[in-house]
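[1] I would like the atomic coordinates for the input below:
(chains A and B)
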Amino acid sequence: MDLNLLLTDKNWLPWLIPVGPLLAFFIITLVTNRSRLVPATSHDYSGDGQHPAYPGLGVPVVTPAGRVISIIVGMSGIVMAWLISLRVVGNAFSIEDFGKKVMESAVTWLSTGTTTFEMGVLVDPLTTIMLIMVPLACTMIFIYAIGYAAHDPRQARFFALISLFAGAMLTLVVADNLLLLFVGWEVMGLCSYLLIGFWYEKPSAYKAAQKAFMTTRVADVIMLLGIVYLYASTGTLSFRDIVYNQEVLDALANTPAIIFGGISAASLIGVFLIIGTIGKSAQFPMHVWLPDAMEGPTPVSAMIHAAAMVSAGIYAIIRMYPLLEAGAHPHSGEFNAPLMLMAVVGSVTALFAATIAVAQNDVKKVLAYSTISQLGFMVAALGIGAYVAATFHLITHAFFKALLFMASGAVIHGMEHGHHHVAHAHGHGHDDHAHDHHDEHDVVHDHDEHGHPIAVAENQHGHGHAPAPAKQMVVASQMPGAFDPQDMMNMGGLSKTMPVTWITFLIGGLSLAGFPLITAGFWSKDEILLDGWVGLSEGFGPHALVFICLALAAFMTAFYTARQLSLTFLGEPRTPAAKHANLGMGAVSATMTLPLIILSVFAIFAGFVGVHPDFPLIGGLFSPNREIPFKEFLGGTLLVKPELVPFSIIAPLASFAVALGGLALGFWMYARKPLKAGQPDPMVAILGPVYPVLKNKYYFDELYTTVIVKPLQWFSREVAYVFLDKGVIDGFLHLTGRVFTWLGDIIKMLNMWLIDGVGDGVPELIQRFGGYFRRIQTGSVQQYMLIIALAALVIGIIFALSSGVLQASP
Amino acid sequence: MVPLWMYLLVAAALFCIGTYGVLSRRNAVAILMSVELMLTAVNINLIAFWRYLAPDNMAGQAFAAFVFVVAAAEAAVGLAIIIAVYRSRRSVIVEDVNLLKG
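    This next block holds a predicted model:
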C-alpha cells in the first residue's frame, strides 16, 4: 500500500480513520502505561499502607508522567481520527451524485481457491453521517474523561481502553463488508466488558461486565450464523454487492430458507442479524445487561449508550436494511419476518423500558432505560420501513444521550464532591477541595473510613434517612453505610450549585423528551411517528402497533425526564451532600463542562436538517427544495431513494401532545411541590402495587436467574461436571490410562528382552571376535609368512588332489 | 642326460631350504640370503623347463635374467635397509625391530 496514495487519494483516506485510536491503544498499553503497585482503590498513592477493605491487594498505578503522556496519546489518536473524518466528510460532500458513486477501496484479504475475500473501506452517505456523529461524540467523551477520571489510579488504562473502543467503532463504521463490521463489533464487545468492569474491585462491576459480555455473546453467535449463511448463499459479504444490488436481493428473497420453511433466505439472514442487534442494542428480551453496565465509569456509559456500542447495533441493521426488507413493501402494507420482528421488538422495548425508567431512582439507571427505550424507537421505525427516520433518530439520540450521560456524570461527580466536603467538614477546613475530589468507586469504598455517612433509603419504602445499621445493610448495595451519590433521592436543588450542568442537562432532557420545535429529539421522533401514522391511516397493523406504542413511550419519556430534572435539580437539597455539590475548580471541571456545552449545541441544532417541508410555518424555511435535506442525502445509500412520506398534521400534534403532556405531568408532580428530604416518591402512592414491579424491572433479572442461570448452573454442576466430566470422561480416561499402563508394561518387557538383547548382543559379539582375532596379529612377519606358506601348501595339495594331477602321473 | 625331474627336485629342495630360512632365521641378513636361495630355485626351474620343454623359445632365459636383476636390486635395497637399521638399533635381529608394533 503506497503511503503517498493513502494520503492523497480520497478513496484510501478512510483507511486512516480508525488508525489513530488503535495506535493510541497500543502505544498506551505497551509504552506509556508505566505503573507500580499500590493498595487497591487507595487515593493516597504515596503511602504504603494497605487499604482496609483489601488487605494485601495491590493495584498497578500509573506514574504521573505516564498518566499525562497517556492522556496526550489518547487525545491525539481520537483528534486525528476526528480530523481525518472531517476531511472524508468534506470529500463526500464534494462528490456529485453521492451514493451512486462512493469512496471505496479494498485489498485482497483471503484467497480461497477460486474466490477471494476482500476487506476494505466504504464511505457512502450513511457512513458519512456516522462519521459526522461518532468521532465528534467520541472526542467529547475523551475530553470529558480527562476531568472525570483525573483522580482514578488507572486513568492511563482507561484511556487505552476507550481508544480501542473508539477505534473499533470507527472500524465498524468504515467497514465495507459484514465481516469487518463484525470484527469491530466484537472488539467493542470486549472493550465494553473491560470498561464496565473497570473498577473490578467492586463485585457488582465485574458481575455486570460478565453479564454484558455473556448476553451479547449469545446474540453475536446467532448473528455470526446469519453472516455465514449470507456468505454461503451469495459468496460475498460486501455491503455494496449485497444491499446495493437488486439481483442479489431478489435472488435471496426468492430462495427458501434452509430451515423454518416458509420464509425466504433473506428473511432468515435478516432475523439472525436482527437478533445480533437485539443483543448489542439491548432490546427486549436481551436488555438486561445495559442497566447493569452503569457500573462502569460515566464516560463509558456515554460511549456505550451514545457513540458506540448500542449505535453499532442499530447501525448494522440500518446498513443491512435492504436485505431485511427484501421481498416486502412496508409502505404498502406488505411485511416479512424481519420487519415484523423489528416492529414488535422495537415497540415492546420502547414502551416497556420507558415504564421501568419511570420508577428508577438511580440517575444513570433512568438514562439507561431511556436508552433502551429510544433504541426501541429506532428498531420499531426500521420495522415499518422508516429507514431515514431511524437513522435520523440514531444521530440525534447519540448527541443528546451522550450529553445526558456526561451531565449525569457531572452530577454524580458533584455529589461525591459535596459528600466528601461534608464528611471532612469537621476535620478539615472548607478549602481542601483539591484532594477531596474523588471518583465513584473511591467513595463507595472509602466511607467506612469516614464513619457515619448519610445513608438514605433508596428502596420503595421511601423512608428517607435510615441511620440504623440493620437498615443500612439492606439499603447499601456495596458496603454498610455507603452513600449513594447516584440516587436522585439524595439530590435536589443542584441547579443553584451546578448551573452549567443544569442548563446542559435541561437541554439534553428536553431533547430526549422531544420538546417541540426547538430540540433535535422532537424532529427525529416526530418523523418516526409520522411514518407510523401514515401507515396507520392506511390500516396497516404493524404501523398501528408502532404508532401507539411509541406515542405512549414518548409520553412516558417526557414524564420521567421531567421527574428526573425535578428530582435532581429543582427544589431544596435533600442531603448535605447535595447542598455542597459542585464540580470543583480549575481545568478539571472545564474539561467536563466544555463537552457538555458543545454537545448541547448539537442536541438542539442537529434536528433542523430533518424538518418535513410541509411542516406548518417553518417547513419551507429548513427544507426549501420540497425535500428533507437529511433524507435527500441519506437516500443515496439505497438503490431506490425512499419516497417522501406525505405530511399529516396528526403526527406532529401527537408529538406535541405527548411531549408537552408528559413534561407537564412530570413537572406538576415533582416540581410544583418539590420533594422534601425523607418524603416518599408520589409515584409509590399513585401506582400502588405496580410500583414495585416497575422498580424491580418487571423482575426480569430474577426471572432470568431462575429460568436460565440457575438451571444452567445446575446443569453445569450436576450433569456436565459430576456426571459427564467426573463420571464419563474421567472414567473413560482412567480406563484408558490403565489399559495403556498395562500395555506399556508388556512393551517394556519386550523391549528389555528383545531389543536390548539384540542391541547389546551385537556389540558384545563383535568385541569378543575382536578379542580372538587380535591374537593373530603378532606383528611378526615370519609368523605371517609361515601361515601363508602353510596355506599355500594346503591350497596346493587340495588343488593337486582335486585336479587329478597326482593320479595322472604314471 | 640328466632327466628333468632331477632338476626340479634340486630346485624344490633349494626352495624349501630358502623358505625354511626365511621362516626360521632371526638374523635379517640370513633372511635375505634365504630369499636369494628361493629366487635361485625359481631360476633353476625356469632354465630347466626352458631347456627340456621349449628350447626354441628364449622366454625362459629372459625370465631368468629378469629374476637376476630383480634379485640384485632387492639385495641392494634390503642390505641398505639392514645397514640403516643396524646403525640405529645396533642389531639386525628382526624381533628387535618392533617400533611400529601396536
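[2] what bits of the chain have low per-residue confidence?
    In the absence of a named chain, chain A is used. Counting by pLDDT under 70, chain A has low-confidence residues at A:1-8, A:34-63, A:260-261, A:424-482, A:583-588, A:805-810.
[3] please go with chain B instead
    Using pLDDT under 70, chain B drops low at B:101-102.
[4] which SSE is the residue most central in space within it in?
    Closest residue to the average C-alpha location of chain B: B:Glu36 at 2.4 Å, with CA atoms, centre = their mean. Per DSSP states H and E: B:Glu36 is located in helix B:28-53.
[5] still on that earlier bit, phi, psi of the closest residue to the residue nearest to the centre of chain B other than its chain neighbours?
    Closest residue in space to B:Glu36, ignoring its immediate chain neighbours: B:Ala71 at 6.1 Å, by CB to CB, 6 or more residues apart in numbering or on different chains. All C-beta spots, glycine's among them, are computed from the backbone N, C-alpha and C. Backbone torsions for B:Ala71, taken as degrees, to the nearest 10, come to phi -60, psi -40.
[6] B:Ala71 against B:Met33, yeah?
    No. Using CB atoms under 8 Å, B:Ala71 makes no contact with B:Met33, being 11.2 Å away.
[7] A:Ala657: helix or strand, and which one exactly?
    A:Ala657 belongs to helix A:650-670 when assigned by DSSP H and E.
[8] near chain B, which residues of the stretch 301-450 of chain A are found?
    For the stretch 301-450 of chain A, no residue is in contact with chain B (CB under 8 Å from any CB of the partner chain).
[9] what segments of the stretch 301-450 of chain A are helices?
    Secondary structure of the stretch 301-450 of chain A (DSSP state H, counting those that start in this stretch): helices located at A:309-319, A:321-325, A:337-358, A:363-383, A:387-424, A:440-450.
[10] do the same with chain B
    B:4-24, B:28-53, B:59-89 (DSSP state H).
[11] what sits against A:Arg170?
    No Arg there; residue A:170 is Leu. Contacts for A:Leu170 were tallied using CB atoms under 8 Å, 6 or more residues apart in numbering or on different chains; they are A:Ile17, A:Pro18, A:Pro21, A:Ala81, A:Ser85, A:Val134, A:Pro135, A:Gly184.
[12] relative to A:Thr778, how far out is B:Leu100?
    B:Leu100 sits 13 Å away from A:Thr778, going by CB to CB, to the nearest Å.
[13] the two: which has the busier surroundings?
    Neighbours per residue (other CB atoms under 10 Å in any protein chain shown) separate B:Leu100 from A:Thr778, with A:Thr778 holding more: 12 against 6.
[14] SS state for the more buried one?
    Following DSSP: H, G, I helix; E, B strand; the rest coil, the label given to A:Thr778 is coil.
[15] so what's the backbone phi/psi at it?
    Per degrees, to the nearest 10, the backbone of A:Thr778 is at phi -90, psi -20.
[16] do you know how far it is from B:Asn98?
    Per CB to CB, A:Thr778 is found 10 Å from B:Asn98.
[17] what about the residue nearest to B:Glu36, how many neighbours?
    Using other CB under 10 Å, the number of residues around B:Ala71 comes to 17.
[18] now do the one 3 residues further on
    Look at B:Glu74: counted by other CB under 10 Å, it has 14 neighbours.
[19] that one reaches B:Val35, doesn't it?
    Yes. Counting by CB under 8 Å, B:Glu74 does reach B:Val35; the two are 7.2 Å apart.
[20] right, is stretch A:764-772 up against chain B?
    No. Stretch A:764-772 stays clear of chain B (CB under 8 Å from any CB), getting no nearer than 13.2 Å.
[21] quick check: residues of chain B near chain A?
    B:Thr19, B:Val22, B:Leu23, B:Ser24, B:Ile31, B:Val94, B:Glu95, B:Asn98, B:Leu100, B:Lys101, B:Gly102.
[22] pretty sure the second one sits against B:Val35.
    Yes. Contact criterion CB under 8 Å: B:Val22 and B:Val35 qualify, at 6.1 Å.
[23] comparing the two, which shows the higher neighbour count?
    Using other CB under 10 Å as the criterion, B:Val22 and B:Val35 rank with B:Val22 on top: 21 against 18.
[24] ok, the closest residue to that one other than its chain neighbours to A:Leu786 distance?
    What sits nearest to B:Val22 in space, not counting adjacent residues and going by CB to CB, 6+ apart, is B:Ser34, at 4.5 Å. Plainly put, B:Ser34 is 13 Å away from A:Leu786 if you go by CB to CB.
[25] quick one: which of these two has more around it?
    Neighbour count, other CB under 10 Å: between B:Ser34 and A:Leu786, B:Ser34 has more, with 20 against 15.
[26] next up, the contacts around that one.
    B:Ser34 makes contacts with B:Ile17, B:Gly18, B:Thr19, B:Tyr20, B:Gly21, B:Val22, B:Arg25, as judged by CB under 8 Å, 6+ apart.
[27] residues touching the fourth one, list them.
    Translated: B:Tyr20. Listed by CB under 8 Å, 6+ apart, the contact partners of B:Tyr20 are B:Ser34.
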